[in-house]
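Student: One predicted model, sequence on top.
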Amino acid sequence: MTIPVTLAVIAALAATALFCGWRGARPPDLMRGPRMTPWRLLMVSASAGVLIFLVHLVNLLGVTTGR
């Protein structure tokens with residue numbers, strides 16, 4: 001993956017994490033029923049993806065992070 005593609009994926013995952021965090025923090029509306037989407041799990045998954053792609057970006061820039 002090139003640097004621009006990696007930056008685009010990081011931006012998309014960060015936006016997804018922010019949106020899911022916003023939706024997960026809203027109070028439940030009992031009139032509409034239970035929330036069927038696990039917003040907090042999606043937020044944590046997107047945040048983990050951001051972390052993985054940040055490590056990938058650092059590797060692309062020439063820093064060795066592993067064996």
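Tutor: Happy to help now that I have it. Worth saying up front: this structure is predicted, and the values here are computed from it rather than measured.
Student: what's the neighbour count on residue 10?
Tutor: 18 (other CB atoms under 10 Å). Yep, even glycine has a C-beta here, placed from its N, CA and C like the rest.
Student: The host helix or strand of it - contacts with which helices or strands?
Tutor: Assigned by DSSP states H and E, residue 10 falls within helix 3-25. Where contact means 3 or more CB pairs under 8 Å, 6 or more residues apart in numbering; DSSP states H and E, helix 3-25 is packed against helix 39-60.
Student: Quick check: buried residues in the helix it packs on?
Tutor: Across helix 39-60, burial judged by 16 or more other CB atoms under 10 Å covers 39, 42, 43, 46, 47, 49, 50, 53, 56, 57.
Student: quick one: contacts for the last one?
Tutor: Looking back up the chat, that one is residue 57. Residue 57 is in contact with 3, 6, 7, 10, counting by CB atoms under 8 Å, 6 or more residues apart in numbering.
Student: what does the fourth one give?
Tutor: With contacts taken as CB under 8 Å, 6+ apart, residue 46 has the following neighbours: 13, 14, 16, 17, 20.
Student: Would you agree the fourth one is in contact with residue 48?
Tutor: What that stands for is residue 17. No. With contact defined as CB atoms under 8 Å, residue 17 does not reach residue 48; the gap is 9.2 Å.
Student: pLDDT score for the residue lying closest to residue 35 once chain neighbours are set aside?
Tutor: Excluding the flanking residues, the one nearest residue 35 by CB to CB, 6 or more residues apart in numbering is residue 28, at 6.5 Å. Residue 28 carries a pLDDT value of 85.
Student: what's the distance between residue 28 and residue 34?
Tutor: 8 Å (CB to CB, to the nearest Å).
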